[in-house]
Structures are given as C-alpha cells and as structure tokens.
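Student: fold the following and give me the result.
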Amino acid sequence: MNLDHLPAASQWPWNLLVHDPTAALTLSSLIPPVFASYARIFHPAYTAQAPITSGDSVRSTIMWGAIARSNDRKVHRLAQFPNIAKVKDLFDLVASTDQIWDEPPAQGTLPLDLARVLADVLEDFTTNVSAPCNFGVWTGYSDIKLSANAPRLCRPGREYQCYSAPLKEVQKSVTPFREQIANLWWPTDYAWMVATDIDHVSTYVGGSAACIQALIDCAHIEAAPSQQGDRIGYAADTVNSPWGPDSDHHSWPN
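Tutor: Numbering: from 1, shown residues only. Predicted coordinates:
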C-alpha cells in the first residue's frame with residue numbers, strides 16, 4: 001500500500017462534482033459527471049439463522065428485492081432501505097418484529113465479498129490491469145491511522161486520504177477492527193469510479209455503457225441503472241411511502 005504517491009490525481013475533474021448546500025445531494029456529488037453510464041449497488045441486509053448444532057448462528061445475506069416483496073414494496077433506482085424494510089428507527093435501521101431481515105445493510109462500506117465480485121467485473125474494463133489502482137478513505141474514521149505524507153482529496157463535505165495499490169487490495173479491510181474498505185476507488189486510466197458515502201447503504205459506480213451493463217448483469221450483485229441527477233438521500237424514494245414513527249419525508253435527510 002503506497003500512501004505517498006497518487007499518480008495524476010490532480011488531473012481528475014473533481015471540480016465538476018456538484019456542491020449546493022441548499023439542495024439535496026445527488027449522484028453528481030459523489031462521482032464526477034464524466035461517464036457514459038452509472039449504477040447503484042444495493043448493499044444486502046442480513047438474517048441470522050439458528051445453528052443446527054450448538055454454536056454461533058449463521059448470518060446470511062438477503063437482498064432488497066426479497067425484503068421489498070415481503071412488505072409489498074418496490075425496488076427501483078431511487079428506493080431507500082427504510083421505505084422498503086419497515087425500520088423502527090430511521091438512523092439505526094432497526095427491524096420491526098415482523099421482518100424477514102435482522103441486521104441492516106453495511107453503512108459506508110461495500111461488503112468485502114461484494115468488493116471482490118465488483119473488482120472482478122471492473123478488471124475487464126481497465127486497460128492496464130497491472131497498474132496500481134487509486135483509493136480514498138474518509139479521514140474521519142477514528143480507527144484508521146492516517147499518514148502525514150498521504151495526499152488528500154476533497155469533495156463536497158468529505159475529505160479522503162488517498163493511496164495506490166493493486167485493484168485486488170480492495171478486498172482487504174483498511175482497519176483490523178471491523179469490515180471497512182476504501183470509500184473511493186478508480187484506476188489510473190479513469191475508465192470507471194466507485195464511491196460509497198459514509199452515511200449510505202448503497203455504492204455507486206460510473207463507467208462505460210458496457211461496464212455498467214456487465215455490473216447490472218452480474219448475478220451476485222443487486223444493482224440498478226442510475227443517473228447523474230439522482231438524489232441519494234432517504235427522501236429520494238417517492239414510490240414507496242415512508243413507514244413508522246419517522247415517516248414524515250420532510251424531516252428525513254435529503
């Protein structure tokens with residue numbers, strides 16, 4: 001992991017990111033609007049299954065689509081987990097008693113197993129696979145040691161410590177205390193970009209039309225096509241009505 005050099009990072013059009021503090025956040029506040037296509041990856045939720053013999057319970061993934069169907073809701077590109085999953089607490093995403101899921105999706109990080117699958121898909125759309133990939137980790141994590149020499153990258157409301165490493169390194173957590181991968185990753189040829197905001201349970205990808213279609217077609221990833229102007233906050237979902245004590249859309253984060 002090289003924390004001292006980020007090749008050509010200054011040439012990336014970060015200045016194109018949309019930053020309007022009075023407006024709702026959109027996809028263009030995460031990824032520069034320079035790609036032909038975009039996709040949104042829905043982080044899976046989890047359900048705990050009782051062990052057959054004595055021991056710890058087995059945690060298995062459950063997709064948004066299955067959760068939505070169980071609640072007579074619909075998954076679409078702007079769907080929000082609280083709307084489809086009937087959470088009791090908006091900010092902790094606690095399940096109500098009648099739900100088929102137990103643990104909410106990972107927030108602020110793509111799960112390691114999905115990172116591995118996504119890296120395999122994106123590798124086919126990188127011109128120089130042997131070249132180091134660029135990564136950015138949010139500087140606000142208290143359990144991640146920052147390097148004084150590492151370059152920093154800023155986007156609206158966020159600062160990241162950047163480093164370069166082989167693409168496969170994204171499969172490894174950046175802290176030994178929990179599962180957390182880089183929030184940003186993009187190759188030196190800028191063929192695609194991946195962004196996971198620290199507050200969200202989805203990951204966004206920008207790339208060529210062929211790249212995004214390959215991602216959408218991947219059987220191991222639940223994803224939907226996205227657009228530059230798509231809102232990314234809880235209030236974005238106007239198809240599925242809010243549920244529970246925090247059901248007023250106007251009080252939700254944008």
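Student: check which helices and strands the lowest-mean-pLDDT helix or strand in the chain sits against.
Tutor: When each helix and strand of the chain is scored by mean pLDDT, DSSP states H and E, strand 87-89 comes last, with a mean of 79. Packing partners of strand 87-89 (3 or more C-beta pairs under 8 Å, 6 or more residues apart in numbering; DSSP states H and E): strand 94-95. (C-beta placed from N, C-alpha, C; glycine too.)
Student: who touches the strand it packs on?
Tutor: The contact list for strand 94-95 (C-beta atoms under 8 Å, 6 or more residues apart in numbering) reads 85-88, 101-102, 104.
Student: one more time with 10 Å
Tutor: 45, 47, 67, 85-89, 101-104, 244 (C-beta atoms under 10 Å, 6 or more residues apart in numbering).
Student: can you give me how far that strand is from the chain middle?
Tutor: 20 Å (C-alpha atoms, centre = their mean, to the nearest Å).
Student: just stretch 161-172 next, same as before
Tutor: Stretch 161-172 has its average C-alpha position 16 Å from the chain's average C-alpha position, going by C-alpha atoms, centre = their mean.
Student: mind listing what's buried in it?
Tutor: Applying a neighbour-count criterion of 16 or more other C-beta atoms under 10 Å, one finds 161-165, 167, 169-171 buried in stretch 161-172.
Student: and the strands in this protein?
Tutor: Secondary structure of the chain by DSSP state E: the strands cover 37-42, 45-49, 58-62, 87-89, 94-95, 133-138, 152-155, 158-165, 184-187, 193-195, 202-207, 223-226.
Student: could you chop this structure up by domain?
Tutor: Domain assignment of the chain by automatic domain parsing yields the ranges 24-41+107-226, 44-105.
Student: quick check: mean pLDDT of the longest one?
Tutor: The reference is to domain 24-41+107-226. On average, the pLDDT along domain 24-41+107-226 is 92.
Student: neighbouring strands - and their directions - for the least confident helix or strand of the chain?
Tutor: Looking at strand 87-89 with DSSP bridges, its partner strands are strand 94-95 (antiparallel).
Student: for stretch 214-223, give me every contacting residue.
Tutor: 37-44, 61, 63-66, 75, 77, 110, 113-114, 116-118, 120-122, 124-125, 192, 202-205, 207-208, 212, 224-225.
Student: how about 6 Å then?
Tutor: If you take C-beta atoms under 6 Å, 6 or more residues apart in numbering as the criterion, stretch 214-223 is touched by 39, 41-42, 63, 117, 121.
Student: dump the residues you listed to TSV, plus distance to S28.
Tutor: Output for the contacts of stretch 214-223, formatted as TSV (distance: C-beta to C-beta, whole Å):
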residue	distance to S28
A39	15
I41	17
F42	20
M63	27
V117	26
V121	23
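Student: of those, closest to L146?
Tutor: I41 (27.0 Å; C-beta to C-beta).
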